[in-house]
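In: Below is the structure, and that's it, no one-letter string:
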């Protein structure tokens, strides 16, 4: 996975790899760790392993939740753009 945030002229990119921990038709549980082959922005990305949950919502979007305290327990709704 790759996450890029641009704000106030600064761009931060964090790269990770995920391993499927468990899954059903409605939910995927991923164990995420820093990607050793793609460097992230030094000092601005967390380096601990984290559990991520992607859950299919009734409206067809994906609810995202990270259980990583060092990242502030981020969560959100993912929508598809484009085709």
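Out: Structure received. All of these numbers come straight from a predicted model, not from anything done at the bench. Residues are numbered from 1 along each chain as shown.
In: need the contact list for the residue lying closest to residue 28 once chain neighbours are set aside.
Out: In this structure, residue 28 finds its nearest non-sequential neighbour in residue 54, 4.5 Å apart by Cβ to Cβ, 6 or more residues apart in numbering. Where you see a C-beta, it was placed from the backbone N, CA and C, and this is true even at glycine. Applying Cβ atoms under 8 Å, 6 or more residues apart in numbering, we find residue 54 in contact with 27, 28, 30, 62, 63, 64, 78.
In: Surely residue 13 and residue 40 touch.
Out: Yes - between residue 13 and residue 40 there is a contact under Cβ atoms under 8 Å: 6.2 Å.
In: what about the two, which has more around it?
Out: residue 40 (18 against 15; other Cβ atoms under 10 Å).
In: Okay, residue 10 and residue 35: tell me how far apart.
Out: In this view, residue 10 and residue 35 are 21 Å apart by Cβ to Cβ, to the nearest Å.
In: Those two - which one has more neighbours?
Out: Using other Cβ under 10 Å as the criterion, residue 10 and residue 35 rank with residue 35 on top: 15 against 9.
In: which ones are touching the more buried one?
Out: Contacts of residue 35 (Cβ under 8 Å, 6+ apart): 15, 16, 17.
In: likewise residue 1?
Out: 15, 16, 17, 18, 32.
In: Mark which of these are part of strands, please.
Out: When DSSP state E is applied, the contacts of residue 1 are split such that 15, 16, 17, 18, 32 fall in strands.
In: If we only consider those residues, which is nearest to residue 47?
Out: Using Cβ to Cβ, residue 16 is the member of the ones in strands among the contacts of residue 1 that lies nearest residue 47, at 9.8 Å.
In: Run a quick check on that closest one versus residue 32, I expect a contact.
Out: Yes - taking Cβ under 8 Å as the contact criterion, residue 16 and residue 32 are neighbours in contact, 4.8 Å apart.
In: quick one on the thing from earlier: is it correct that the residue nearest to residue 28 falls within a strand?
Out: Yes - with DSSP: H, G, I helix; E, B strand; the rest coil as the criterion, residue 54 is part of a strand.
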